[in-house]
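Trainee: Just need the structure, nothing else, for what follows:
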Amino acid sequence: MNQADTGRGLDRRDFLKLSAGSLAAFTVLGGALQLSGCSRQNAPAAAGYQWLGAEDLPLFSLLIAVSAGPALPGDAAAQGVIGEGLRRIDLACAALGGPAQQQLRQLLDLLHWAPFRRLAGGVTRSWPEASAADLTAMLQRFGDSRLSLLNAAMRVLAKLGALAFWGQSSGYAAARYPGPPAWAFNALNS
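Mentor: Coordinates of the predicted model:
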């Protein structure tokens, strides 16, 4: 009687087969990403930005709106808040070290790649067509995943969205934060 029949889990041979199959699957996935042109490691930044590419802007605009939730102001003011949020995310990403930028770019490349976005995130539409509910469901799915990489992706995206909105003076009132002391603001901005 082998171990599989006793219910104790995988034996060594099954574990090696699973490992080899997983390695092959990830190799094929990585090759498919490269061949499909998904990787944008050297893609130029969008006009007016240092790091964010043109295809990143709809995703991060939606992320800022989701992070702000009901605290996001009305239509006309929302565009200004989202624009400032995009600028803040761009500055934060541009200030990252090379390895961190590369990892973030890999995450964004995956989120822009339709098969990954559909299978891992459950988002069937492209980011310009996606809704706040789509992004919220994806973040929830990533947060609930058993895979620590998806958990980390959710945390990174949530922190960037929070930085973009709640760090602006327009978010202070919604957070009941009176703002930084004048002396600290002046010291940092002089």
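
Trainee: pLDDT below threshold where in the chain?
Mentor: 1-8, 30-42 (pLDDT under 70).

Trainee: just the helices in it please.
Mentor: Counting by DSSP state H, one finds helices in the chain at the ranges 3-6, 12-35, 56-68, 75-95, 98-112, 114-119, 132-144, 148-166, 169-172, 182-188.

Trainee: Quick check: which of these is nearest to A43?
Mentor: Proximity of the helices of the chain to A43 was assessed by Cβ to Cβ; the nearest stretch is helix 98-112, lying at 8.5 Å. To be clear about C-beta, it is placed using only N, CA and C from the backbone, and glycine gets the same treatment.

Trainee: what is the orientation angle of the closest one with helix 75-95?
Mentor: Per axes from the mean of the first three to the mean of the last three Cα atoms, to 10 degrees, the angle that helix 98-112 makes with helix 75-95 is 140 degrees.

Trainee: Residue nearest the middle of the chain, spatially speaking?
Mentor: For the chain, the residue nearest the mean C-alpha position is L157 (3.8 Å; Cα atoms, centre = their mean).

Trainee: Just list the residues touching that residue, thanks.
Mentor: 63, 139, 142 (Cβ atoms under 8 Å, 6 or more residues apart in numbering).

Trainee: what's around the last one, how many residues?
Mentor: A total of 22 residues lie near F142 under the criterion other Cβ atoms under 10 Å.

Trainee: and the closest residue to it other than its chain neighbours, how many neighbours?
Mentor: The shortest distance from F142 to any non-neighbouring residue, by Cβ to Cβ, 6 or more residues apart in numbering, is to M154 (3.7 Å). M154 sits with 18 neighbouring residues when counted by other Cβ under 10 Å.

Trainee: now that we're looking at M154, how far away is T136 from it?
Mentor: Taking Cβ to Cβ, to the nearest Å as the measure, M154 and T136 are separated by 11 Å.

Trainee: Next: A164.
Mentor: Distance, A164 to T136, by Cβ to Cβ: 16 Å.

Trainee: and what of L59?
Mentor: 13 Å.

Trainee: Kindly report the domain assignment for this protein.
Mentor: For the chain, automatic domain parsing gives the domain ranges 11-35, 56-177.

Trainee: Of these, which stretch is the most buried?
Mentor: domain 56-177 (a mean of 16; mean count of other Cβ atoms under 10 Å).

Trainee: Please report the distance of L139 from S22.
Mentor: 26 Å.

Trainee: do G171 as well
Mentor: Taken as Cβ to Cβ, the span from G171 to S22 is 43 Å.

Trainee: Nearest residue to L104 in space, ignoring adjacent ones along the chain?
Mentor: In space, and not counting its chain neighbours, L104 is closest to C93: 6.3 Å by Cβ to Cβ, 6+ apart.
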